[in-house]
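Undergrad: got a predicted model here, sequence first, then my questions.
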Amino acid sequence: MEPQIQYARADDGVSIAYTTIGDGPPVLYCTGHSISMRHALSDTAPDGLHSRAIAARTRFTTFDPPGIGASRRDVGDFSLDAQLRAIEAVAARVADDRFTLVGSNTGSVGAALYAARHPGRVRALACVSPALPTAGRWGDRMREDWSLARRRFADAAFPEGPVDAQRWIGTAMRESTTAEVVAAYFEEFARADLGEIYGRTPVPTLFCVSDRAAEDREATLALASLVPDCRVAVVSYGSGQVAAAIFEFMGVDAAPVNTALHGESSTPDPAGAARGTAIILFTDIVDSTGLTERMGDAAFRAPSRALDERVRAAIRACGGMPVAGKVLGDGVMGVFTSAAEAIEAARRCVELSAESELRLHIGLHAGDVIREADNVYGGAVNTASRICGLCEPGEVLVSQTIRDLARTSADVTFEDRGEQALKGIEDPVRVFAVRWRP
């Protein structure tokens, strides 16, 4: 469905095109300065596109910055002040209540500036690639070879394809704006004092960064340390993980999909949900309730969030998928197709726990699960959770199913702990402690 375009006039007189679609929690999305909203919300847009995925579950407002898409094109001011004026103009027209503000790459700085200036309007701030240490280089690339730069940008947006999505990005950029406009926005971003800007953010903040860009990830983590209330999600771009992380941050778990993007929708029926066999890794912080009482909620939250993000990153690095929603208490769950990869992820989690002031219980099991939206559930999940609860701090326990699957593929040994009665599980489960070879 083509978005219905409306216009707001910024304080400097520039006409800003915007649109609002869908139902749900209000979101104002500040796009990166490369693709118009008409392209991003069209039926041909790739499913993994951040804006399209976020729009599927929210009352979603986005706009074309000056020089892009349906907004005024003949402009010469791409400064942060001009970007802020555009956001203010749109927010004044559409936001009656507090909203979540989302910024994507070069659009993140303007979003942070708005949050600092209008804290009463913003419920929370989420930024995708907020540090972007390569911004200056991207500006040079755009001016030097517009065609090649678009292909590289498409590869960065969808590093694992598909090719059709990469081609779509390149075409959408060409039709949305010019090399000069994109280069100007990237260069303005590169000149910004990011520490000073993000450091003034007065609302809960989420930074999303690619798991494939080490330079960007390091810069984002350093930037996050300057923000008063910030968490970092290391995700795979082009896979839907960005939207999943933002939904978890917003507390949106399983809202209906907006018909404006995907046609008629209904509440998912578990009988029709995807089913299959999976390897389940479950972690839980040792004595989280007691730690919260002794340390205080705020003091516990910082190391807990840091460990949470590092555990999720370790799961992804080993080929697994962390479940986006909250599962049980302070648990993090990962889903794998390989028992050996799951055990390697468990080893990395043990190392991360040793580096933290928090300790982990870690349990693994395999079995049939039900996959629905951003959640995975079923008897195998419950069993993995119960096995996790048997662990001593820093210990990894697995079911016999995992032991049988991994005994020849994982470079570990297994110490038999015998059959264990697990709460809520009818039959006893034989468990083994994992021992890594020296």
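TA: It's in. Residues are numbered from 1 along each chain as shown.
Undergrad: wait, is L358 part of a strand?
TA: No - counting by DSSP: H, G, I helix; E, B strand; the rest coil, L358 is not part of a strand but coil.
Undergrad: count the residues that sit near it.
TA: By other CB atoms under 10 Å, 20 other residues sit near L358. The way it works is simple: take the backbone N, C-alpha and C, and place the C-beta from them, glycine included.
Undergrad: low-confidence ranges, the stretch 151-300 of the chain, go.
TA: Scanning the stretch 151-300 of the chain with the threshold set as pLDDT under 70 gives 238-239, 253-276, 289-290, 292-293, 297-298.
Undergrad: all the strands of it, residue numbers only.
TA: Taking DSSP state E, counting those that start in this stretch, the strands of the stretch 151-300 of the chain run over residues 205-210, 230-235, 274-285.
Undergrad: out of those, which gets nearest to D74?
TA: Taking CB to CB, strand 205-210 is the member of these nearest to D74, at 33.4 Å.
Undergrad: now the angle from the closest one to strand 230-235?
TA: 20 degrees (axes from the mean of the first three to the mean of the last three CA atoms, to 10 degrees).
Undergrad: what strands line up against strand 205-210, and which way round?
TA: Each strand paired with strand 205-210, and its direction, by DSSP bridges: strand 122-128 (parallel), strand 230-235 (parallel).
Undergrad: quick one: list the elements packing against the lengthiest helix in the chain.
TA: If you go by DSSP state H, the chain has its longest helix at helix 297-317. Using 3 or more CB pairs under 8 Å, 6 or more residues apart in numbering; DSSP states H and E, the elements in contact with helix 297-317 are strand 230-235, strand 274-285, helix 288-295, strand 321-322, strand 332-336, helix 339-355.
Undergrad: so what's the gap between that helix and the chain middle?
TA: 14 Å (CA atoms, centre = their mean, to the nearest Å).
Undergrad: going forward, the N-terminal residue is numbered 32.
TA: Sounds good: first residue 32 from here, last item helix 328-348.
Undergrad: got the strands paired with strand 236-241 as a markdown table, with distance to F463 and mean neighbour count columns?
TA: Listed next are the strands paired with strand 236-241 as a markdown table, based on distance: least, CB to CB, whole Å; neighbours: other CB atoms under 10 Å:
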| stretch | distance to F463 | mean neighbour count |
| --- | --- | --- |
| strand 153-159 | 41 | 26 |
| strand 261-266 | 30 | 24 |
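Undergrad: dump the residue contacts of P150.
TA: P233, V234 (CB atoms under 8 Å, 6 or more residues apart in numbering).
Undergrad: quick check: it vs T236, distance?
TA: With distances taken as CB to CB, to the nearest Å, P150 is found 12 Å from T236.
Undergrad: ok so, going back, for S139, which of the helices and strands packed on helix 328-348 is the nearest?
TA: Going by CB to CB, the one of the helices and strands packed on helix 328-348 nearest S139 is strand 261-266, 12.5 Å.
Undergrad: may I have the closest one exported as CSV, CA atoms only?
TA: Output of strand 261-266 as CSV, limited to C-alpha atoms (Å, rounded to 0.1, in the frame of the first residue of the first chain):
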residue,chain,number,x,y,z
CYS,A,261,21.7,2.7,27.7
ARG,A,262,21.7,-0.9,26.5
VAL,A,263,23.4,-2.3,23.4
ALA,A,264,22.0,-5.1,21.1
VAL,A,265,24.5,-6.8,18.8
VAL,A,266,22.3,-8.0,15.9
